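Asks: here is the input, now give the coordinates:
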Amino acid sequence: MPGFLIQQGATVMCAHGGQAMPTVPSQAVALDGMPASAIPYPWTVVGCPGVGPPVPPCVTSYGQPLVIMGGTAVCAPAGTPLLPIVTQVRVTAT
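Replies: Below is the predicted model:
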């Protein structure tokens with residue numbers, strides 16, 4: 001599936017409005033001066049109000065090798081999608 005590659009610092013949010021960031025960005029590929037987002041590493045999501053105690057809110061999300069704009073990622077344990085909102089628009093995967 002073609003799509004723009006997602007870099008660290010891109011705006012990616014969970015469906016509940018929490019901010020997602022990669023835990024291990026790729027140091028081998030830079031996009032707009034920022035490391036690319038690689039998979040299979042999880043992403044952390046902060047500020048997710050979607051799931052209350054005793055279950056923690058969206059904690060991690062998994063996807064596929066170099067994350068692309070049209071890819072699919074699901075938050076655990078909530079099962080809601082991650083939504084790329086703003087990313088670089090120069091490098092595309094095909």
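
Asks: help me confirm that residue 68 comes into contact with residue 91.
Replies: No: under the criterion of CB atoms under 8 Å, residue 68 is not in contact with residue 91, lying 9.9 Å apart. From N, CA and C alone the C-beta is placed, and that goes for glycine too.

Asks: who touches both of the two?
Replies: 4, 5 (CB atoms under 8 Å, 6 or more residues apart in numbering).

Asks: more neighbours, those two?
Replies: Under the neighbour definition other CB atoms under 10 Å, residue 68 and residue 91 were set side by side, and residue 68 has more, 23 against 17.

Asks: okay, the spatially closest residue to residue 87 that is not a sequence neighbour and residue 85: tell me how far apart.
Replies: Counting by CB to CB, 6 or more residues apart in numbering, residue 10 is the residue found nearest to residue 87 once chain neighbours are left out, at 3.9 Å. Computed with CB to CB, to the nearest Å, the distance linking residue 10 and residue 85 is 8 Å.

Asks: contacts only, for residue 84.
Replies: Residue 84 touches 6, 10, 11, 12, 67, 69, counting by CB under 8 Å, 6+ apart.

Asks: can you show me the strands along this structure?
Replies: 3-4, 11-14, 19-22, 26-31, 34-36, 43-46, 60-62, 74-76, 82-86, 92-93 (DSSP state E).

Asks: would you list the ones you listed in CSV and tack on mean pLDDT?
Replies: Converted to CSV, the strands of the chain look like this (pLDDT from 0 to 100):
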stretch, mean pLDDT
strand 3-4, 83
strand 11-14, 88
strand 19-22, 85
strand 26-31, 82
strand 34-36, 87
strand 43-46, 84
strand 60-62, 49
strand 74-76, 75
strand 82-86, 82
strand 92-93, 73
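
Asks: burial count for the closest residue to residue 38 other than its chain neighbours?
Replies: Spatial nearest neighbour of residue 38, excluding adjacent residues (CB to CB, 6+ apart): residue 26 at 3.9 Å. The local packing of residue 26 (other CB under 10 Å) involves 20 other residues.
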